[in-house]
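*Asks:* What follows is a protein structure lacking sequence information:
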């Protein structure tokens, strides 16, 4: 799943959800029921109950979660018992794998299907709390007449999705009871399931990243850890974050912070965190400066220690590891096997020492800083400092002092001796200005003057300071368009773009297998694993066909997760996060010399090329058994694996109805 699509929307602030929020989800759900699922408003949908064996199959993958979360569920169980609710926990397909029915009306609720083993998929039951929550991937209350099926109109159901450490949805938790009064009265129920889902996510998060440094964040003074958590690796890179943290920061996408350096996002060092119980600082939330409190969780590895995830993994050989070959230049190593990038690397080698300004352009996560470092390491300045500044990660009020520094006594609360700015710190080396397109317009004039005169005047000082300056800039934005909108100075644009390098997205690269194996090899080396890990062919095929919205940064996160999960010597399909199995965009069949070349992932063939009788028989059997694979296989007297192959053969797996 993509990171933005899998985030639990507004999970930590369910109390602030308005009636209009739910109205939108209810309206969309009713439209799906009518147009997509073909459920009549007049029909009385029938509850599907699975056998004990079927329930066991759905419960087994969640068994550890249910056991580890017993303490978390105790709170919601107690409230439900006292308030006349039933608690339901489902997997991603809407099968109730655990229920707590302990209130005075529980027997009645159970008799109406609010129990373990029932199926609440929206495609089968119509609009309902669990089914709509899993479809929309957001907390929702479905109240009384908002239910699509007539058998549910006496109930109120409040549900929230359960989010895994990698951001994928793996189930939902629900509080259901009889509808009474009005919908506003269900605000506490929705808040409770959201808080419970937060607690479960934080519990799993701490377990998954126990060998990484975990920081707890809060926007109110705190003395104890919260559920807003960040995991940071030994390279000071944020590798994961919980949903409450993302929501608190106003992130629309998980990769707004995942993959970035912790210091760049929060302007906070680990030395500060290690020296105090909690640290108060400020962060930008939707362009508003807010106080924030950070705490390094007890037990987190020290900043100078390496976390070895798999020291006891058996030996294996990583084929085509993609490491840097002896004698290969840093630029060619960064280019990999992509022909376009190889040409750009060869050109860069010719101009890197000629004083020509270089602008890197590409989507977030395409490796702009990697290329900037390669340019620096290929130049005569390689033994001098390489200094980076992310223009988008620093508040406008601080970026000027970060660039130019300040003299002694300039600011109240500033360093007594003053501070050397990034420009002066890069003297003789390279200054890398990332996201230059987000630099405030008023600061662009000062930067232009510095580039022209090679001298700076720190804030609060009078005398200029000469600098031997070499600047590499990068952005994901269209600077020419910004120039046309008067949001970027035209003279600065031409000053920094003497040579432009467009870095292709990962989905556009033709050397994806080499990139994947190279990144995996680097991760194994960084973690000091005694043995490297390989990738199975089916896993490589999945990774190569995925569209990678987060590019190489996302690839690193996926492989880091897979290394954590992998127990053997090879990363297999079960070790990959769910997000990479997301449905891919359909690719058109290309004709070459009158012969059709099949796309990477086959789409449905025209009906005249399909054996309709077998396909129709299969669809009929699936419909008769409510699209439950186990039941359909029994009805056809074939194995589940055979049925799955037939479903795949006729591309029925693209249908949302399919259930295991």
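*Replies:* Good, I have the coordinates. Small disclaimer: the values here were computed from a predicted structure and weren't measured.
*Asks:* quick one, strands of the stretch 501-650 of the chain?
*Replies:* For the stretch 501-650 of the chain, strands defined by DSSP state E, counting those that start in this stretch occupy the ranges 534-535, 570-571, 590-592, 595-597.
*Asks:* Partner strands of the second one and their direction?
*Replies:* Spelled out, it's strand 570-571. Strand pairing for strand 570-571, using DSSP bridges, gives strand 534-535 (parallel).
*Asks:* State the three-state secondary structure for the closest residue to residue 380 other than its chain neighbours.
*Replies:* Nearest residue to residue 380, sequence neighbours excluded (C-beta to C-beta, 6 or more residues apart in numbering): residue 353, at 5.2 Å. All C-beta spots, glycine's among them, are computed from the backbone N, C-alpha and C. Under DSSP: H, G, I helix; E, B strand; the rest coil, residue 353 falls in the coil class.
*Asks:* What is the burial count for residue 353?
*Replies:* 12 (other C-beta atoms under 10 Å).
*Asks:* Which residue ranges of the stretch 301-450 of the chain form helices?
*Replies:* 330-335, 339-351, 368-377, 396-404, 422-425, 441-453 (DSSP state H, counting those that start in this stretch).
*Asks:* Make JSON lines out of those helices and add distance to residue 68.
*Replies:* What follows is the helices of the stretch 301-450 of the chain, written out as JSON lines (distance: least, C-beta to C-beta, whole Å):
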{"stretch": "helix 330-335", "distance to residue 68": "42"}
{"stretch": "helix 339-351", "distance to residue 68": "45"}
{"stretch": "helix 368-377", "distance to residue 68": "37"}
{"stretch": "helix 396-404", "distance to residue 68": "42"}
{"stretch": "helix 422-425", "distance to residue 68": "45"}
{"stretch": "helix 441-453", "distance to residue 68": "49"}
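*Asks:* would JSON lines of those helices with distance to residue 563 and mean pLDDT be doable?
*Replies:* Listed next are these as JSON lines, based on distance: least, C-beta to C-beta, whole Å; pLDDT from 0 to 100:
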{"stretch": "helix 330-335", "distance to residue 563": "22", "mean pLDDT": "88"}
{"stretch": "helix 339-351", "distance to residue 563": "26", "mean pLDDT": "89"}
{"stretch": "helix 368-377", "distance to residue 563": "20", "mean pLDDT": "93"}
{"stretch": "helix 396-404", "distance to residue 563": "35", "mean pLDDT": "79"}
{"stretch": "helix 422-425", "distance to residue 563": "34", "mean pLDDT": "89"}
{"stretch": "helix 441-453", "distance to residue 563": "41", "mean pLDDT": "88"}
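*Asks:* Is it possible to get CSV of the ones you listed that adds mean neighbour count and distance to residue 638?
*Replies:* Output for these, formatted as CSV (neighbours: other C-beta atoms under 10 Å; distance: least, C-beta to C-beta, whole Å):
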stretch, mean neighbour count, distance to residue 638
helix 330-335, 21, 50
helix 339-351, 16, 47
helix 368-377, 21, 50
helix 396-404, 18, 65
helix 422-425, 20, 66
helix 441-453, 15, 67
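*Asks:* Ok, which of those helices comes nearest residue 301?
*Replies:* helix 368-377 (24.2 Å; C-beta to C-beta).
*Asks:* and for that closest one, what are the contacting residues?
*Replies:* 330-331, 333-334, 345, 348, 352, 358, 360, 362, 382, 386, 388, 429-430, 432, 434, 472, 474, 501, 503, 552 (C-beta atoms under 8 Å, 6 or more residues apart in numbering).
*Asks:* so where does residue 245 fall, helix or strand?
*Replies:* helix 243-248 (DSSP states H and E).
*Asks:* Test my guess that residue 228 contacts residue 217.
*Replies:* Yes - at 4.5 Å, residue 228 and residue 217 qualify as touching, with contact defined as C-beta atoms under 8 Å.
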